[in-house]
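**Student:** here's my sequence, what's the structure:
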Amino acid sequence: MTVPADKPKKIAIVVHREHSRPGRVGALLEKRGYELHRLCPNLGCRLPEDMSDYAGVVIFGGPMSANDCGTLAGIKCELEWIPKVVEAGVPFLGLCLGAQLLTRAAGGRVAPHPQGLVEIGYVDIHPTETGRAWFRAPMKVYQWHREGMTLPACCEVLATNDRYPVQAFRHGPNAFGFQFHPEVTLEMKRIWTLSAAERLKMPGAQQRGVHLSMHPLYDPPLDRWINGFLDRWLATDQRGAKPIAANDMSAEEPIEAAFRLAAE
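**Tutor:** Now for the predicted structure:
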């Protein structure tokens, strides 16, 4: 899918550190013809008030917490901005910290695991009954987090597991949050597992060799899944175009193979 001629051509990419990358998600959006507008509120970037030029917003992860609004002006700014984006009908996608910020903006809570367990490495997730329209089967996904989410009633869980029950969710027709990292490439895994090696000592974390050895096995189906998801996500735009409903099975035909492969 390429950018329709009558649609906005830019995607707002919100990151949290100077050297943060949009990874595979950014590359797939650029391949579709979108211009990435990189924004980092923690470094003083202003977030756009007028969203008419944007086809979507993606907020990525970071080492800080969604609860740091009292100490980080950038986090406070994002929490105040997210409801405006969602209410405007712009497709919104939050990844890891981005999902936790969406949770807090919607009225939910973000907190560490009661036993201090983390998810760092490849982890199984399972679709809920509602989530089967988006995740047809259990998947192995890449994780790097130490906090989880408790959703408000306005959100619906799409994928879950035993350690952190909220792995993917939807807020209204156009906003999604994923606790996992579909954007992370092999190069990014190599960097993260070295630059943040101290995190691999936390309870529940997998060691560096496991991260890298699992990549060729589990990354290809995740790649196919996120590639298919992005088209459906962009089609949830509520600013005039008819959105693709989560239970519209005919809309999923082009990505049937990706879902089947993800289940293997």
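
**Student:** now do the same contact list for the closest residue in space to Phe178 that isn't next to it in sequence.
**Tutor:** Nearest residue to Phe178, sequence neighbours excluded (C-beta to C-beta, 6 or more residues apart in numbering): Ala168, at 5.0 Å. Where you see a C-beta, it was placed from the backbone N, CA and C, and this is true even at glycine. With contact taken as C-beta atoms under 8 Å, 6 or more residues apart in numbering, Ala168 is in contact with Ile125, Gly131, Trp134, Phe135, Val157, Leu158, Ala159, Phe176, Gly177, Phe178, Gln179, Phe180.

**Student:** so the last one is in which element?
**Tutor:** Put plainly, it is Phe180. Using DSSP states H and E, Phe180 is not contained in any helix or strand.

**Student:** sorry, back to before: check the spacing between the residue nearest to Phe178 and Tyr54 real quick.
**Tutor:** Relative to Tyr54, Ala168 is positioned 23 Å away (C-beta to C-beta, to the nearest Å).

**Student:** and if you look at Val123?
**Tutor:** 31 Å.

**Student:** again, but for Met188
**Tutor:** 25 Å.

**Student:** more neighbours: which of those two?
**Tutor:** Tyr54 (21 against 17; other C-beta atoms under 10 Å).

**Student:** hang on, the more buried one packs against Leu39?
**Tutor:** No: Tyr54 is not in contact with Leu39 according to C-beta atoms under 8 Å; the separation is 10.7 Å.

**Student:** if I look at those two, which residues touch both of them?
**Tutor:** What both Tyr54 and Leu39 touch, as defined by C-beta under 8 Å, 6+ apart, is the set Ala12, Pro48.

**Student:** the stretch 51-200 of the chain: helices as residue ranges?
**Tutor:** 73-87, 97-106, 186-195 (DSSP state H, counting those that start in this stretch).

**Student:** please name the residues that touch Gln179.
**Tutor:** Taking C-beta under 8 Å, 6+ apart, one finds Cys96, Ala99, Gln100, Glu119, Gln143, His145, Gly148, Met149, Tyr164, Val166, Gln167, Ala168 in contact with Gln179.
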